[in-house]
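Student: Below: sequence and its predicted model.
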Amino acid sequence: MGDLASGAVPQDQPPSVDRLARSLAHIDLPMPLLVDAARSAIADGDPNSAAERARSIKQRLLAPVINGTGVLLHTNLGRAPLPWSQTADYSNLEVDLTTGDRGDRQHGIGMLLAQACGAEAAMVVNNCAAAVMLVLAALAQDRMAVVSRGELVEIGGGFRVPDVMAWSGAQLLEVGTTNRTRRSDYAAALADPRNDVALVVQVHRSNFRLLGYTETPSTTELAQLGPPLLFNIGSGLLDSRCPWLSGGPPPWLDSEPAARQSIEAGASLVTFSGDKLFGGPQAGIIAGRAELVEACRKHPLARALRPGSLVLAALQNTALAYLRQDGEAVDFWRMAVLSTDQLRNRLDAYEGLRVTDTSSTPGGGTLPGVEIKSLGVAVAGDHTKQLRSLPRPIIARVCDGETIVDLRTVHPVDDIEVAAALHQAAV
């Protein structure tokens, strides 16, 4: 019986799925999943692997982890960390509390986002690719959208801008070259009577850099061409002045386009992600001229792409923090602007461990090449698998034969837990 308690089965007895599954009760999974683990282990002739299989099932379920990688917007770890919970109450998702009539789930969040980025109106869909697709479908279906060849980028998960445009029903009209596109290239495409152009599209190259012999028209130049200008800024910086930060914008944001300034420069619409520099949940945000946002909101695709109440509530919470100019309430910004002195003040919790200078990165397909000075704690050897197997996994990185945890992406309340895990790994 002692063996069965650990998931092992005596080899001289025929295995029983039920008995083996019950011996796995110490693993926190519902019985049907333990039965699956037991059944697959028996089917493969290796009943003693049942416990390992059950633990593997558990590790595939969503659960909190500690990010020690130094990548602030780690796509594999859910990008922006977001503290959000709510009680099991109903909400006024689609009811107008003034009139009692049916309301619009986009109204409240649209008002907040428009105010935050200086737009006439805004709306939300489930990610940035969906935002671009909806704008193109609503404003350029069966017509042309002009875009530079140097901006036909591939975003995460293998999705490419030309594919997103094709799914929308818009016809892609490429101009310029990979490295140089001039205002005159767009103007020539618009002047050609064969081209039925509905939109000019500008795409920020947020996940790579194009250096050397390059040329790109400004947003103002493109906005003056005539057709509405859609600027997919992607990463989601609301305002280049960062009024929510007491020290103003960090220097590594210098070349990042922001929603407010893009609209001021003449963009008719901007689209961006909610879970990157905005620091909220996964979402796609469309902001700009009211009549264009309204055309998107009324398009049939808008219903298929709309977010649910949980996303809207978390997004609302984040938008309110920006309007209060409370950057500390947005975890991405709280981490991003920590000084190395502030990180050093936490080192008492890591006494006995080696401290090393390191660099954090924004991540999430934003600000390529940007490095932010940081501090890490290190132990010799590769202990990443051991750290991932903890009840609350710690995701670290290996560099020059050491396991390093970057303190910038570790919340201070987790310091004692991380230090204990690293001490144990070092034994």
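Tutor: Cool, the structure landed. Numbers count the residues shown, from 1 in each chain.
Student: in the stretch 301-427 of the chain, which spans are helices?
Tutor: Counting by DSSP state H, counting those that start in this stretch, residue ranges of the helices within the stretch 301-427 of the chain are 301-305, 309-323, 331-336, 340-344, 384-388, 415-426.
Student: buried residues in the fourth one?
Tutor: In this case it means helix 340-344. Residues Leu343 are the ones in helix 340-344 that count as buried (16 or more other Cβ atoms under 10 Å). C-beta coordinates here come from the backbone N, C-alpha and C atoms, glycine included.
Student: quick revisit: which stretch among the helices of the stretch 301-427 of the chain comes nearest Gly266?
Tutor: Using Cβ to Cβ as the measure, helix 309-323 is the one of the helices of the stretch 301-427 of the chain that comes nearest Gly266, at 23.0 Å.
Student: before we move on, back to that, please identify the most buried of the helices of the stretch 301-427 of the chain.
Tutor: Of the helices of the stretch 301-427 of the chain, the one with the most neighbours on average (mean count of other Cβ atoms under 10 Å) is helix 331-336, at a mean of 21.
Student: pLDDT averaged over that one - what is it?
Tutor: Mean pLDDT, taken over the full extent of helix 331-336, equals 96.
Student: sec struct for Ala189, please.
Tutor: In three-state terms, and counting by DSSP: H, G, I helix; E, B strand; the rest coil, Ala189 is helix.
Student: just for this structure, where's the confidence low?
Tutor: Confidence mapping of the chain against pLDDT under 70 gives the ranges 1-14, 155-159, 206-211.
Student: Could you pull out the strands in the stretch 201-350 of the chain for me?
Tutor: Along the stretch 201-350 of the chain, the segments classed as strands by DSSP state E, counting those that start in this stretch run 229-234, 269-273, 284-288.
Student: In contact with the nearest residue to Val203 once chain neighbours are set aside, which residues are there?
Tutor: What sits nearest to Val203 in space, not counting adjacent residues and going by Cβ to Cβ, 6 or more residues apart in numbering, is Glu151, at 3.8 Å. With Cβ atoms under 8 Å, 6 or more residues apart in numbering as the criterion, the residues that contact Glu151 are 161, 181, 201-205.
Student: before we move on, the earlier item: between the helices of the stretch 301-427 of the chain, which one is nearest to Arg55?
Tutor: helix 384-388 (11.6 Å).
Student: gap between that closest one and the chain center?
Tutor: 24 Å (Cα atoms, centre = their mean, to the nearest Å).
Student: what's that helix packed up against?
Tutor: Using 3 or more Cβ pairs under 8 Å, 6 or more residues apart in numbering; DSSP states H and E as the contact criterion, the secondary-structure elements in contact with helix 384-388 are strand 394-395, helix 415-426.
Student: Go again with 6 Å.
Tutor: Other helices and strands packing on helix 384-388, by 3 or more Cβ pairs under 6 Å, 6 or more residues apart in numbering; DSSP states H and E, are absent; none qualifies.
Student: quick one: which of the contacts of Glu151 is most hemmed in?
Tutor: Taking other Cβ atoms under 10 Å to define a neighbour, the member of those with the most is Val201, carrying 28 neighbours.
Student: So the residue nearest to that one when sequence neighbours are not counted: helix, strand or coil?
Tutor: Taking Cβ to Cβ, 6+ apart as the measure, Val201 lies nearest to Val147, with 4.3 Å between them; neighbours along the chain are not counted. Taken by three-state DSSP, the conformation at Val147 corresponds to strand.
Student: Quick check: bridge partners of Val147?
Tutor: With DSSP bridges applied, Val147 shows beta-bridge pairing to Glu174, Val201.
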